[in-house]
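*Asks:* got a predicted structure plus its sequence, pasted below:
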Amino acid sequence: MDTLQLTESTCSACQATMEEGQIFCNDCGYPQNGTEDQKSSFHAKRVMKRRQGDEAQKRIRFARNSLYVIAGFSFLYGLFHFFVNDDMATLVSSGILAIIYLALGYWSQQKPLIALVLGLLVYLTLITIGVVLGGEPIYRGIIIKVIIIAYLAKGINSALQLRNLK
């Protein structure tokens, strides 16, 4: 009885085992036995994905820094009101808010999408509460509000892109 022997080779891109005659690697998709055009296209796509990932990481870092900036502004706001108006409640609530934003900034290193969405929701909620309950005009500090919202939104978009790349 004759037995069929399959010879194996390894993928030059990821070192996975490939069967003889197999064109594309099952693990990474590299066209080991494909044309030169297919190989160069594979490498070009890989480089573009890496660049997109690097750019997304940079935007996520900016958004993370926005969370830290919000934490700093919250704490300074509480300190200012404490020393000017002797308002301990504002100092405590601003301190708690600063801790929340610091925690979200730290958490965004592991789970950027969730942390940035929560940070944006908390920020928008605070703006809404300030307008509705505090009577604060929405246009007060509008430039800073728009910049912070834009950084957080870009960070969320980048986290989505990074998740899709993986």
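*Replies:* The structure has been received and is ready for your questions. On a predicted model such as this, the values are computed, not experimentally measured, just so you know. Numbering: from 1, shown residues only.
*Asks:* report the contact partners of G105.
*Replies:* The contact partners of G105, by Cβ atoms under 8 Å, 6 or more residues apart in numbering, come to 64-65, 67-68, 71, 115, 119. C-beta here means a position set from N, CA and C on the backbone, and glycine is covered the same way.
*Asks:* name the helix or strand for the residue nearest to it when sequence neighbours are not counted, please.
*Replies:* Here the nearest residue to G105 in space, its sequence neighbours aside, is L67; by Cβ to Cβ, 6 or more residues apart in numbering that works out to 3.8 Å. For L67, the element it lies in under DSSP states H and E is helix 36-85.
*Asks:* my read: M88 touches H81, true?
*Replies:* No - using Cβ atoms under 8 Å as the test, M88 is too far from H81 to be in contact (9.3 Å).
*Asks:* the two: which has the busier surroundings?
*Replies:* In terms of neighbours (other Cβ atoms under 10 Å), H81 is the more surrounded of M88 and H81; the figures are 17 against 11.
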